[in-house]
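# starting from these lines, generate the structure:
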Amino acid sequence: MNGIDWLSALDAGFLHIESDTQPMHVGSLLVLEGPAPDYATFCAHIDARLDAVPRYRQQVRRTPLDMARPYWVDDPHFSLTYHLRHTAIPSPGGEQQLRTLAGRIMSQRLDLDRPLWEMWLVEGLPDDRWAVVSKVHHAMIDGVSGHEILERLLDRGPEGPSVAASQWRPRSAPSRRDLLSAAASWTVRLPAQAGRGAASALSSPRDLVQAGAVRASGLRQAGRQVSTQPGVLNSSLTPHRRWAWARGSLAEVKAVKEATGCTVNDVVLAAISGGFRRFLLERGESVDGDVVRTLVPVSVRRPDQRGRLGNQVSAMFANLPVDVDDPLERLAAVAQQMNHLKGGGQAVGVEAMVSAADFVPPTLMTLGARVSVVVGQRMFNTVTTNVPGPQYPLFLLGRELREMFPYIPIAEGAPISIGIVSYNGTLAIGATGDYDGVPDLEALCAAIEVSLAELVAAVQPA
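You can find the predicted model right below:
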């Protein structure tokens, strides 16, 4: 409105819940073939590609007294070398050294007064490889848009297209007068916007009844999750993070899918459930009953929203069947539950709650977000998100991307998050854990690999 690029309610929410112990950036680790480029060449490549991602040169500003949601403006003092960092692990460094470095990078909060991203060129990996650690605030992207950005910065072949050096110049920010006027106008119009939404729904009563029934069912399902919270994995957050990863084969996952009639996501969730079961038993904790509840993000991005940054997501809440010992029975339990959640409209119900936030005055949104940080959440104690990636090789400055691992932030009451990304036939699982609360995070990743191997073995002919 009035040329001002407002954040959505969901994007602003991720910004508002940022704290010293809960930084809200997502990220990735890219491992590429060597030799590593020099820093100047790396900077020149990224600079030339940023014209395709204008948000990377923008900063968030807030309106006086939070009269309206925060908004995006070009950063007049944008400095590429502030956002592109250069480091190394002792050569020949192994994966343990890389995990330690990556965890330390992810423990550091982004500067909210600058464009909300950083990228680290990392040298010193064994086998003549190098890495890029990327971190971007969740207010800017979700999993799908994150992959779209990745494909703008990388190429589909070793000889990438010729891109001219950027001629970018920052646009002027709105004046204080224009901003206050737009914010006041936007706030006044909130009731009318809500009314138009209701009128549009009433124009088709039958669709309204059907959609309302689905939303009501989904809201009831989500509401029941608030009443109780499982007792394991609960710990207060510290500012520090661990980041570890596991590997799998997408072909093997698809073989399990075909043999059992489940989905790829069902197979991955079953492998993670088995990993948590082994992990908890090794800790000496109980696996009886619904003890691990996970938030499963669901993309609601429409085809016409492809290329748009920001978050277009809803969520479902699933109880991982860690009490089931047999891997195929565990998979069947996951598939049955996910079918029930999809059919019951829980993701639609959660989307309705998120959409309703668009009509909440920004001052109340800010207050609610701050209260949630203090009180914590009771709906889940881990996050599991699966985003399909490109099934063809990507290249950066002619070097092939071999592996990518996702980083997902954690939250109070949920000290472990798990991201899954498929890329060029591989399956990469990245686990984030609180440094003090989850000192055995690598054991969880090893357990997930074992659990996936058990599923593969269970469907192979005797």
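
# mind listing the helices for the stretch 251-400 of the chain?
Taking DSSP state H, counting those that start in this stretch, the helices of the stretch 251-400 of the chain run over residues 264-283, 327-343, 346-356, 362-375.

# quick one: the second one to helix 264-283, angle?
In this structure, helix 327-343 runs at an angle of 120 degrees to helix 264-283, with axes from the mean of the first three to the mean of the last three Cα atoms, to 10 degrees as the basis.

# return helix 327-343 as CSV; C-alpha atoms alone will do.
Taking C-alpha atoms only, helix 327-343 is exported to CSV below (Å, rounded to 0.1, in the frame of the first residue of the first chain):
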residue,chain,number,x,y,z
PRO,A,327,10.2,-50.4,11.6
LEU,A,328,7.4,-51.3,9.2
GLU,A,329,4.7,-51.1,11.9
ARG,A,330,6.2,-47.7,12.8
LEU,A,331,6.0,-46.6,9.2
ALA,A,332,2.3,-47.8,9.0
ALA,A,333,1.6,-45.8,12.2
VAL,A,334,3.1,-42.7,10.7
ALA,A,335,1.2,-43.1,7.4
GLN,A,336,-2.1,-43.6,9.2
GLN,A,337,-1.6,-40.6,11.4
MET,A,338,-0.5,-38.3,8.5
ASN,A,339,-3.5,-39.4,6.4
HIS,A,340,-5.8,-38.6,9.4
LEU,A,341,-4.2,-35.2,9.9
LYS,A,342,-4.5,-34.3,6.2
GLY,A,343,-8.0,-35.5,6.0
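
# ok, and what's touching that helix?
Residues from elsewhere that reach helix 327-343, judged by Cβ atoms under 8 Å, 6 or more residues apart in numbering: 221, 256, 260, 262-263, 265-267, 269-270, 273-274, 277, 316-321, 324, 347, 451, 454-455, 458-459. Every residue, glycine included, has its C-beta placed from N, CA and C.

# can you do 6 Å?
Helix 327-343 is contacted from outside by 262, 266, 269-270, 273-274, 316, 318, 321, 324, 454-455, 458, using Cβ atoms under 6 Å, 6 or more residues apart in numbering.

# of those residues, which is the nearest to Asp11?
Met316 (20.6 Å; Cβ to Cβ).

# these two touch, right, Arg171 and Asp74?
Yes: between Arg171 and Asp74 there is a contact under Cβ atoms under 6 Å: 4.8 Å.

# in the stretch 351-462 of the chain, where is pLDDT below threshold?
351-378, 462 (pLDDT under 70).

# cutoff 50 now
Low-confidence segments of the stretch 351-462 of the chain (pLDDT under 50): 351-357, 359-361, 363-369, 371-372, 374-375.

# try the stretch 1-150 of the chain
Applying pLDDT under 50 to the stretch 1-150 of the chain flags the ranges 1.

# then the stretch 151-300 of the chain?
195-202, 207-220, 222-223, 225-228, 230.

# show me which positions of stretch 250-259 end up buried.
For stretch 250-259, a neighbour-count test (16 or more other Cβ atoms under 10 Å) marks 250, 252-253, 255-257, 259 as buried.

# ok, those vs Leu153, which is closest?
For the buried residues of stretch 250-259, the nearest to Leu153 is Leu250 (22.8 Å; Cβ to Cβ).

# nothing else from me, thank you.
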